[in-house]
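Engineer: Predicted model follows, preceded by the sequence.
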Amino acid sequence: MKQVLIEMQSIEKIFYADDVETHALSNIHLRIQPGDYLSITGPSGCGKSTLLSIIGLLDSASGGDYSLLGESVNNLDQKQRTKIRNKEIGFIFQSFNLISDMTVWENILLPLSYRRDLSNTQKNALATQALQDVSMTHRKKHYPAQLSGGQQQRVAIARAIAGKPSLILADEPTGNLDTKNAEVVMRLLDELHHNGASICMVTHDPRSAQRANRSIHIIDGQIVSDETSPLGKGMGTLSAARRDHCEVKG
């Protein structure tokens, strides 16, 4: 049996401001298995992105237990959290978060540059493969400002997958894209999952959520439903030629 990827028990997150407590998350129980394609949905302000930040070790829970790959992360210091995050988790953000004065190639190599377990040859090979996976090799010397929104998100996906992380976290990955480019990005995520990636995605779009094989719904910081579909509703793989054909200015 494969090792559980994420195990959360009784997770809480409380924010304090001017002597006021805001309970962003309450009594969260969540298990993510290798190969899951999980969508997290719910109204604005319900705690979706807060939960994703805790899963991704960008933030810490106020209470409860969180284990990643069988190891508790509750008492890790910031340096340890950063090291684990860089190796085990890939991030895809709504606003792409590419560094404007770095080329596509440099953006993808940046997270790999902190991996002491990889040689420079391995890092270059991983970055090359990631670019090929999203059909952006021909843009490797371009800067983000020279790319459309859809192309920037494809580069962001390449950056997320280059290090072969255990889990890909996507926070509203199509939120800044038009319909056609959103479809291209979602088909890329479908393809990554088809090839074995574990994905956890926050989305407000019901059509995107339906592509996952599992969906949890959050209201007022609590999970109110957790539904699994054996096959999901993803659109399958998309060839490089078809991706390029679908790409439009955004």
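Structural biologist: Everything's here; your move. Numbers count the residues shown, from 1 in each chain.
Engineer: Disregarding flanking residues, what is the spatial nearest neighbour of D59?
Structural biologist: When the adjacent residues along the chain are set aside, D59 lies closest to S53, with 4.1 Å between them (C-beta to C-beta, 6 or more residues apart in numbering). Quick note: C-beta positions are derived from backbone N, CA and C, even for glycine.
Engineer: confidence score at the one you found?
Structural biologist: What the model reports as pLDDT for S53 is 95.
Engineer: quick check, it in a strand?
Structural biologist: No: counting by DSSP: H, G, I helix; E, B strand; the rest coil, S53 is not part of a strand but helix.
Engineer: Let me see the backbone angles for D59.
Structural biologist: D59 has phi and psi values of phi -140, psi 160 when expressed as degrees, to the nearest 10.
Engineer: ok, T121 - how many residues close by?
Structural biologist: The number of residues packed around T121, counting by other C-beta atoms under 10 Å, is 8.
Engineer: what's in contact with the helix or strand containing it?
Structural biologist: If you go by DSSP states H and E, T121 is part of helix 120-133. Helix 120-133 is touched from outside by 104-105, 108-109, 112-113, 115, 118, 137, 140, 158-159, 161-164, 192, with contacts defined as C-beta atoms under 8 Å, 6 or more residues apart in numbering.
Engineer: please redo it, this time with the cut-off set to 6 Å
Structural biologist: Contact with helix 120-133 is made by 108-109, 112, 137, 140, 158, 161-162, as judged by C-beta atoms under 6 Å, 6 or more residues apart in numbering.
Engineer: Now intersect these with the helices, please.
Structural biologist: Among the contacts of helix 120-133, the members falling in helices (DSSP state H) are 108-109, 112, 158, 161.
Engineer: okay, the residues you listed in a markdown table with pLDDT next?
Structural biologist: Written out in a markdown table, the entries for the ones in helices among the contacts of helix 120-133 read as follows (pLDDT from 0 to 100):
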| residue | pLDDT |
| --- | --- |
| I108 | 97 |
| L109 | 96 |
| L112 | 96 |
| A158 | 96 |
| I161 | 96 |
